[in-house]
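# predicted model, plus sequence, below.
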Amino acid sequence: MKSEPASRYFRNYLLVSGSGKKVGKTYLATALIRKFSLQFPVTGLKISPHIHDDPGDAVLITHEENRFRIYREYAPHRKNSGQYLEAGASKAFFMETGDENLAEAFDYFNRCCNPENSAVICESGALGSIIRPAIHIHITDMREVRSGKNLVWQKKADLVLPARDFDTEKVLNSISLHDQGWTLSG
């Protein structure tokens with residue numbers, strides 16, 4: 001369970017975080033989108049603290065100088081946000097921002113990119129530090145669980161999964177989406 005909830009609760013957000021690259025974050029996010037986009041419009045959002053020199057065919061929605069950039073994807077491709085569209089997301093976005101501007105970028109995104117408050121599956125390592133999503137899934141190398149490394153994220157998460165070694169169907173079956181937002185059973 002969450003020990004120190006962030007002050008702002010977002011029932012329409014399902015957050016997938018992870019302890020590093022190649023742990024299964026995008027794999028799980030796309031599986032969730034594939035399942036739940038059949039029921040409701042689902043928006044995919046990838047948040048990165050790194051500036052990417054080549055955003056591909058993504059369209060720049062806003063560029064707040066030295067604070068954040070938000071791109072919208074319109075066609076599937078192999079990068080995270082493009083995979084969201086291929087999985088069935090009604091909209092997909094890519095946000096570049098550092099931790100110091102994350103709250104401002106997040107507020108802009110909700111106001112301008114998701115004003116209808118549709119369900120969002122967000123892949124981010126930092127978003128859980130400023131909001132409390134309806135569900136937070138953290139994927140980690142189980143050595144970190146045993147060593148206590150990244151304990152803050154493990155405590156904030158509703159569900160901690162082992163990197164690249166989790167039962168996707170079991171996870172999908174434990175999650176529901178309805179008009180009131182995301183819920184986790186059990």
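Structure's in. What do you need?
# got a list of contacts for stretch 124-138?
Residues outside stretch 124-138 that contact it (CB atoms under 8 Å, 6 or more residues apart in numbering) are 2, 5-19, 28, 45-47, 49, 99, 102-103, 106, 122, 153-154, 156-161, 171, 175, 181-184. All C-beta spots, glycine's among them, are computed from the backbone N, C-alpha and C.
# hmm, try it at 6 Å
With contact meaning CB atoms under 6 Å, 6 or more residues apart in numbering, stretch 124-138 is reached by 5-6, 8-11, 13-17, 47, 99, 102-103, 153, 156-160, 181-182, 184.
# equivalent analysis for stretch 168-180, please.
Stretch 168-180 has contacts (CB under 6 Å, 6+ apart) with A31, K35, F36, F40, A119, T183, L184, S185, G186.
# what's the answer for stretch 20-32, then?
The contact list for stretch 20-32 (CB under 6 Å, 6+ apart) reads V16, G18, N80, Q83, A87, I121, E123, I139, A163, R164, T168.
# quick one: which of these sit in helices?
N80, Q83, A87, T168 (DSSP state H).
# how close does the most centrally placed residue in the chain sit to P133?
Geometric centre of the chain, nearest residue: C122, 1.6 Å, by CA atoms, centre = their mean. Distance of C122 to P133, given as CB to CB, to the nearest Å: 7 Å.
# before we move on, what about G82?
Distance from G82 to P133, by CB to CB: 23 Å.
# between those two, which one's more packed in?
Set G82 next to P133 and count neighbours by other CB atoms under 10 Å: P133 wins out with 29 against 22.
# now do that one against K156, distance only.
Separation of P133 from K156 (CB to CB): 10 Å.
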